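S.K.: Fold the stuff below for me.
(one chain, ligands or ions: 1)
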Amino acid sequence: MVKQAWWQRGVIYQIYPRSFNDTSGNGIGDLQGIIAKLDYLNDGTPDSLGIDAIWISPFYPSSMADFGYDVSDYCDVDPLFGDLAAFDRLVAEAHRRGIKVIIDYVPNHSSDRHPWFVESRSSRANPKRDWYIWRDPRPDGGLPNNWGSAFGGPAWSWDEGSGQYYLHQFLKEQPELNWRNPQLRAAMMEVLRFWLERGVDGFRMDVVSMIVKDAELRDNPPDPQADPALPPNEIYRRQLHLYNEDQNEVHGILRDFRRLLANYQDRCLIGEVLDYGLSRWVRYYGPDGSELHLPFNFRLMKQPWRAQVIRSSVDELEVILLPFAWPNYVLGSHDVPRLASRLAPAQARVAAMLLLTLRGTPTLYYGDELGLENGLIPSDKLQDPQGLRLGAQRSRDPARTPMQWDGGPQAGFSVAQPWLPVSADYRVRNVAAQSADPSSLLNLYRRLLWYRRARPCLQGGSYRALDAGSNDCFLYLREHPSQRCLVALNFSGRVRHLTIPRETGGVVVISTYLDREETVSLASLALRPHEGVIVKLD
Ligand code: NOJ
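M.R.: You can find the predicted model right below:
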C-alpha cells in the first residue's frame, strides 16, 4: 500500500481566528491565542483533541468588511491578530507538536483598500487598471452585464473618479482580481511563495472556482429552479452561474499552483469549489491529479440527514473518484449554520463518528467538538455583511460565536466584551466541563481521533457500504491488508437490529455512548437510539 501523505491520513481543524481565543484583551481572537491553545489541539497525548492540521481563516490586514475575506495586504498580519513574528512563532510551535498549518488564500478578490486597487481605480491609464475587472456601461447606459453579488444586489459598482464599473461578486469592498492579466497572476504567485517560504504546509483557496470569468462577460441565464419567493436583490441566486464561475481556464491556473508547490516538500492545496454537480466538481482534482489535492466536499452538509441519503452521497463519490483522487468531507464551517443545530442534538455524536471514520480527510470546525449550537445574536449585534444585507436569517454570525473554554466570564475566550456574544449555554457547554465528563461529546471526539490515528484501516483502508436490514442505519466496512473494521450508525431515535452479511462477530471498540467495549455477534447487532459503533473485525 502506498504511503499516505499527511493531508490524507490526518484530520484538519478549522479555526476562525476572531472567535478562537483572545489574548490581547480586545474581544477579538488572535494568533497568540491560537498558540496558547495548541496543546488543547494536540499535545501528543489522548487528553488532547488529536487533530493533525489547523486551517486558519484569514488574518491578513483588512478593513474587515467581510471579516478578513477582504484582504488589503496579502503578505502581512492584521494588527488585530498580531504580526508576522507571531505568525512565525505559531508555525514553529505548531510544527513542534507535529501540527501542520494551512492558511486561507483569497485569490478571487482583494479589499478595495488594497494598494493594487487604489492604484487601479486612480485612472484608466494606470498600469494596474487591468489587475481588476473594469467595464463601460452598456450602450443604453445599463450595467455591463446581469450578474449578481452573492451578498445581494448587482455585481457591479460605479467608480465616479474613473468613470467605469468594476466587478465584485461579493461586497463592493471586494473588487475581483483579473486572473487573465499576467502581471496580476505573477503577483499572486509571489504571495504563495512568500508563505511557502515562511513554512506553511498548505493553502485553502477561497472560492477558487470563481477566479476566472467568461472572456466576454456574457449574461447568465435565469435558473428555472430558483425559488420564486427570493427577494428582488437576490440576483445571484436567481441565475445559473454559467459565465461567472467554473470556467475551463481555471484548471490551468490550478496546475500552475501545483507546479509552484512542487518546489517545496509535502505541501497541500485545498480549494473551495462551489456546487456545480459532482461531475464538474471532480474535475478540480485534474485529469491526472495535477490540480487540487482536496476540492472541499460540502455534499454531506447539504443533504437531508437520513441514513440512506448520506450513504448515497458517499457511494456516489466513491464511484466517481479515480484512484489518485483522495476524498474529503466537511460537516461544518464559518459559512453555514452549526452542525449541532442542523441535526437533532443526539445525532451530533453520530455525525462525529461518521466524519472521522469515512474514507477521506475530515475537516472539523472549531467548537463542533463541543456541540456548539447556533448562537442567538440580537439584531443590534449583527455583524455579518451577508446578514445585514440579506436579512438576519442569512447571517453567518450564529456559527461564529466565541469558543467556549470554561464556565468563567466570557467563557474564558476574552477578558473583554467579545465581538459576538458568547452563547448562553457556555456555563455547561465548554472545554473544561466536557473534559471532566467522561461521556461528553468532546471526549467522544478525542476517542475517535486517537483511535483513528492508530488504525491504518480508518486512515487509508477501503470503503464498502453494507445492507443490513434497516433503512435507518448506515453501515460500512473499512478494510486494510492488516486489519478491518465495521462502522454502524443509527440515524434514528429507535433501537435497530442489524444482520451483517458474511460476518459473524467482532469487538465494539467505541460506541458513541462511550459506555461499552464488548464482543458482539454480527448475526444480530443491536444499536440503541442514535448510537454509532466501531466494531473491530477478526
Ligand atoms: C467564501 C468564504 O468562506 C466566505 O466566508 C466569504 O464571505 C466569501 N468566500 C467571500 O470571500
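S.K.: quick one: Asp214 from Trp147, how far?
M.R.: 10 Å (CB to CB, to the nearest Å). Any C-beta I mention is one placed from the backbone N, CA and C, and that applies to glycine too.
S.K.: More neighbours: these two, which one.
M.R.: Set Asp214 next to Trp147 and count neighbours by other CB atoms under 10 Å: Trp147 wins out with 25 against 16.
S.K.: For the residue lying closest to that one once chain neighbours are set aside, which residues are in contact?
M.R.: Sequence neighbours aside, Ala155 is the residue nearest to Trp147 in space, at 4.0 Å (criterion: CB to CB, 6 or more residues apart in numbering). For Ala155, the contact set (CB atoms under 8 Å, 6 or more residues apart in numbering) comprises 147-149, 167-169, 235-236, 244.
S.K.: quick check, nearest of those to Tyr40?
M.R.: Of all those, Gln169 has the smallest distance to Tyr40: 36.7 Å, by CB to CB.
S.K.: Let's see the distance spanning stretch 3-16 from one end to the other.
M.R.: 31 Å (CA to CA, to the nearest Å).
S.K.: Identify each buried residue in that stretch, please.
M.R.: 7-16 (16 or more other CB atoms under 10 Å).
S.K.: ok, stretch 145-161 near the ligand or not?
M.R.: No - using CB under 6 Å from any ligand atom, stretch 145-161 stays clear of the ligand, with a minimum separation of 7.2 Å.
S.K.: again with stretch 251-270
M.R.: No - Stretch 251-270 lies out of reach of the ligand by CB under 6 Å from any ligand atom, never closer than 12.1 Å.
S.K.: Helix or strand: which one has Ile310?
M.R.: When secondary structure is defined by DSSP states H and E, Ile310 falls within helix 307-320.
S.K.: And the average pLDDT for that helix is what?
M.R.: Mean pLDDT, computed over helix 307-320, is 98.
S.K.: Can you list the helices and strands that whichever helix or strand comes after that helix packs against?
M.R.: Proceeding N to C from helix 307-320, the next assigned helix or strand is strand 328-330, under DSSP H and E. Where contact means 3 or more CB pairs under 8 Å, 6 or more residues apart in numbering; DSSP states H and E, strand 328-330 is packed against helix 299-302, strand 361-365.
S.K.: Please name the strands paired to strand 328-330 in the sheet, noting orientation.
M.R.: Take DSSP bridges as the rule and strand 328-330 pairs in its sheet with strand 361-365 (parallel).
S.K.: Could you give me the buried positions within the helix or strand following the strand it pairs with?
M.R.: The element immediately downstream of strand 361-365 (helix or strand, assigned by DSSP H and E) is helix 385-390. Buried residues in helix 385-390, counted by 16+ other CB under 10 Å: 385-387, 389-390.
S.K.: Show me what helix 385-390 is packed up against.
M.R.: Counting by 3+ CB pairs under 8 Å, 6+ apart, helix 385-390 packs on no helix or strand.
S.K.: how about that helix, does it reach the ligand?
M.R.: No - if you take CB under 6 Å from any ligand atom as the test, helix 385-390 misses the ligand, and the best it gets is 6.9 Å.
S.K.: For Pro231, see how far away Gly142 is.
M.R.: Distance from Gly142 to Pro231, by CB to CB: 21 Å.
S.K.: With Val507 instead?
M.R.: Counting by CB to CB - Val507 and Pro231 are separated by 55 Å.
S.K.: And His334, by the same measure?
M.R.: His334 is 24 Å from Pro231, by CB to CB.
S.K.: how about the buried residues of helix 385-390 in CSV, adding pLDDT and distance to Arg258?
M.R.: Shown next, in CSV, are the buried residues of helix 385-390 (pLDDT from 0 to 100; distance: CB to CB, whole Å):
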residue, pLDDT, distance to Arg258
Pro385, 96, 32
Gln386, 97, 31
Gly387, 96, 36
Arg389, 95, 36
Leu390, 95, 36
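S.K.: Could you single out the nearest of the residues you listed to the ligand?
M.R.: Minimum distance to the ligand across the buried residues of helix 385-390 is 6.9 Å, recorded for Gln386 (CB to the nearest ligand atom).
S.K.: ok, that closest one to Asn126 distance?
M.R.: With CB to CB as the criterion, Gln386 and Asn126 are 31 Å apart.
S.K.: swap in Arg113?
M.R.: Per CB to CB, Arg113 is found 16 Å from Asn126.
S.K.: Repeat that for Asp22.
M.R.: Distance of Asp22 to Asn126, given as CB to CB: 40 Å.
S.K.: more crowded one of these two?
M.R.: Using other CB under 10 Å, the more surrounded residue of Asp22 and Asn126 is Asp22, with 26 against 14.
S.K.: isn't Ile28 right next to Trp419, touching?
M.R.: Yes - between Ile28 and Trp419 there is a contact at 5.1 Å, judged by CB atoms under 8 Å.
S.K.: residues shared between the contacts of these two?
M.R.: With CB under 8 Å, 6+ apart, Ile28 and Trp419 have common neighbours Arg18.
S.K.: Phi first, then psi, for the residue of the stretch 251-400 of the chain at minimum distance from the ligand.
M.R.: Closest to the ligand within the stretch 251-400 of the chain is Asp335: 4.8 Å, counting by CB to the nearest ligand atom. Torsion angles at Asp335 (phi, psi; degrees, to the nearest 10) stand at phi -110, psi -10.
S.K.: Spit out the contact partners of it.
M.R.: Counted by CB under 8 Å, 6+ apart, Asp335 has contacts 396, 399.
S.K.: do you know how far it is from Leu192?
M.R.: Separation of Asp335 from Leu192 (CB to CB): 23 Å.
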